[in-house]
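Peer 1: got a sequence here, can you model it:
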Amino acid sequence: MARTLCSSCGQPLATCLCQFISSAQHSTSIIIIQCGKESQHPKNTANLLPLLSDHITLVQAADVDTMSRLRNNIESNPNKYALLFPIPESQSIEEYVQQNTPKIEVLLVIDGTWRKAKRFFYENEWLQPLSALCLSREYDSQYAIRKTSVTNGLSTLEAIAYSLNELEKADVKPFLQLLNGINTVFTQRMPSDVKARYK
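Peer 2: Below is the predicted model of the structure:
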């Protein structure tokens, strides 16, 4: 039997996150490109981010028409865009902000496991001429319910929050409030032996 979903946050009613959702204020637009079946992962954080802000858009890498339009927009005005992606050529956001005027208008973020995100980047050569940015320092991840093999890896929610703070001093509280809600709601429903795996 299919579970009833919340009409606002899209989560099953038992794990509704609406009480943790508040408006985030920022001027930089965020476009999240989701790889593979990431949108279907029950612990995905990116799915919820458009609920925080009208400036956050979620697109599926498999959506050929949408991706084609995005590529055309980028290629027609590449200086408006930058890609948050940690490669050797990446520049820290702090350095980028100091050296570039005007600032970027759109930050692209690839949502997926590191392996899938890396493959997507190298398979889509039109992304590679863009300015590649990385966070200016290491952050401790507060995402407690999904493991990663990447050292100092962050959830997409955290990476976007800290990027916006570095780009324009945006308040990250709405993002971290949602993350805390995700941790709380999902942890409460975990059996004790499962909880122990994430400590």
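Peer 1: shaky segments in the protein?
Peer 2: Counting by pLDDT under 70, the ranges of the chain that qualify are 1-2, 37-43, 144-152, 188-199.
Peer 1: let's see that with 90 instead.
Peer 2: Low-confidence segments of the chain (pLDDT under 90): 1-5, 10-15, 36-46, 100-103, 112-115, 140-153, 155, 183-199.
Peer 1: centroid-nearest residue for it?
Peer 2: The residue lying closest to the centre of the chain (CA atoms, centre = their mean) is T156, at 3.0 Å.
Peer 1: identify the residues contacting that one.
Peer 2: For T156, the contact set (CB atoms under 8 Å, 6 or more residues apart in numbering) comprises I32, N44, T45, A46, L49, V109, D111. Where you see a C-beta, it was placed from the backbone N, CA and C, and this is true even at glycine.
Peer 1: how near is the second one to K118?
Peer 2: Distance, N44 to K118, using CB to CB, to the nearest Å: 18 Å.
Peer 1: hmm, V109 is touching A161, no?
Peer 2: No - the pair V109 / A161 is not scored as a contact, 11.1 Å apart, by CB atoms under 8 Å.
Peer 1: on that earlier part again, now for the contacts of T156, which pair is the farthest apart?
Peer 2: Taking CB to CB as the measure, the contacts of T156 span a maximum distance of 13.0 Å, between N44 and V109.
Peer 1: so between V109 and A161, which is more surrounded?
Peer 2: The neighbour comparison of V109 against A161 (other CB atoms under 10 Å) goes to A161, with 26 against 21.
Peer 1: ranges for the helices of the protein?
Peer 2: Assigned helices in the chain, in chain order: 64-76, 93-99, 114-123, 156-168, 173-188, 192-197 (criterion: DSSP state H).
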